[in-house]
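[1] Just the structure for this:
(chains A, B, C and D)
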Protein chains: 2
Amino acid sequence: MGGVSTTAPAAGSRDLPHPACDEIRLETVLHALSDPMRLQIVRELAADGGELSCSQFELPVTKSTSTHHFRVLREAGVVRQIYRGTAKMNGLRREDLDDLFPGLLDSLLAAATRQAVRLGG
Amino acid sequence: MGGVSTTAPAAGSRDLPHPACDEIRLETVLHALSDPMRLQIVRELAADGGELSCSQFELPVTKSTSTHHFRVLREAGVVRQIYRGTAKMNGLRREDLDDLFPGLLDSLLAAATRQAVRLGG
DNA sequence: CCCATTGTACGAGAGACATCGTAGTTTGAC
DNA sequence: GTCAAACTACGATGTCTCTCGTACAATGGG
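    Numbers count the residues shown, from 1 in each chain, chains lettered A, B, ... in the order given. As a prediction, the model looks like this:
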């Protein structure tokens, strides 16, 4: 049955499950961001604006734990993850989140920055 | 040592410990709001604008559990609680939160309302 | 003083979570 | 084919959280 490959995913793609927009729950997003490690990840992603591989984050935890945190963020609908070679790239789902919860992400990021300034110096 | 009673608390007051503004942590606030029950409480408090006693909330849990949730909100710095007779009144710490994290509470409440509309109707 | 109302304290149980270590898979380079 | 790099899967462990039930404390009204 040919034709499957016309719009098929790129060869060798390992797809990761992401929640659709209407499956994203506010409580789940808040829970994902209530962990300091994950909030830091999101802050760095927002600062970068593009995509970052998992290994570019220098988190004070093992790689197993990193994997766990990135998955929580992806399953909450906060980040999008795709494989690129051996790396797994992460990007903020900014448009989706802004559509669902206008202004929320910006407020959260501003609050996080403000707190970092307040606590850090 | 003397004069302790000059500005002593009102007779019979049972004071509750609240975090000072500079002790309120964003992660803790987000965690407090990541529970559906507590998010609902905060939504009702914001809708009312004033103070509500614990018993005015009709939550689908026992009183013990209610007490627990209100305490989590208070210890996170989200609500202020004071005794008034046998009742314990709850009020949003709106000014404190707006000072610390400008716009965050409004965004969160708007997001919660939006999601309620999306899911409920 | 007695009592109803309101909320607390304490303990328990079930489940979720953050963390780790080890072993394994996938990919790209040589 | 071989190898290193990046990431995952699985299990273990200790901690936290949500829930409840029962027993208790504080307040205000007769």
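
[2] in chain A, which spans are strands?
    A:52-53, A:79-84, A:87-92 (DSSP state E).

[3] burial of residue A:69, as a residue count?
    Residues near residue A:69, counting by other Cβ atoms under 10 Å in any protein chain shown, number 19. C-betas here are computed from N, CA, C, even on glycine.

[4] again but with residue A:24, I slipped
    Residue A:24, neighbours per other Cβ under 10 Å, totals 21.

[5] just residue A:76 next, same as before
    Residue A:76 is flanked by 21 other residues according to other Cβ under 10 Å.

[6] give the contact list for it.
    Applying Cβ atoms under 8 Å, 6 or more residues apart in numbering or on different chains, one finds that residue A:76 lies in contact with A:19, A:24, A:28-29, A:31-32.

[7] Can I get the residues you listed in a markdown table including pLDDT and distance to DNA strand D?
    Formatted as a markdown table, the contacts of residue A:76 follow (pLDDT from 0 to 100; distance: Cβ to the nearest atom of the strand, whole Å):
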| residue | pLDDT | distance to DNA strand D |
| --- | --- | --- |
| A:19 | 98 | 16 |
| A:24 | 98 | 20 |
| A:28 | 98 | 13 |
| A:29 | 99 | 15 |
| A:31 | 98 | 9 |
| A:32 | 98 | 14 |
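
[8] With adjacent residues omitted, what lies nearest to residue A:82?
    Once flanking residues are discounted, residue A:82 sits nearest to residue A:89: 5.5 Å by Cβ to Cβ, 6 or more residues apart in numbering or on different chains.

[9] So what sits opposite that neighbour in the bridge?
    For residue A:89, the beta-bridge partners under DSSP bridges are residue A:53, residue A:82.

[10] thinking again about what came up before, which one of the contacts of residue A:76 is nearest to residue A:55?
    Comparing the contacts of residue A:76 against residue A:55 with Cβ to Cβ places residue A:32 closest, at 20.6 Å.

[11] I figured residue A:87 hits residue A:55, correct?
    Yes - with contact taken as Cβ atoms under 8 Å, residue A:87 and residue A:55 are classed as touching, separated by 7.0 Å.

[12] Find the nearest non-adjacent residue to the residue nearest to the spatial centre of chain A, please.
    By Cα atoms, centre = their mean, the mean C-alpha position of chain A lies nearest to residue A:79, the distance being 2.1 Å. Spatial nearest neighbour of residue A:79, excluding adjacent residues (Cβ to Cβ, 6+ apart): residue A:73 at 4.5 Å.

[13] measure that neighbour to residue A:94 for me?
    13 Å (Cβ to Cβ, to the nearest Å).

[14] Neighbour count for the two, which is higher?
    Taking neighbours as other Cβ under 10 Å, residue A:73 and residue A:94 compare with residue A:73 leading, 26 against 16.

[15] Would you state the predicted confidence (pLDDT) at the more buried one?
    Here the pLDDT value assigned to residue A:73 is 98.

[16] tell me the contacts of it?
    Residue A:73 neighbours (Cβ under 8 Å, 6+ apart): A:32, A:38, A:41-42, A:79, A:90.

[17] who's in contact with stretch A:88-108?
    A:21, A:24, A:26, A:29, A:33, A:41-42, A:45-46, A:50-54, A:70, A:73, A:77-83, B:30, B:101-104, B:106-108, B:110-111, B:114-115.
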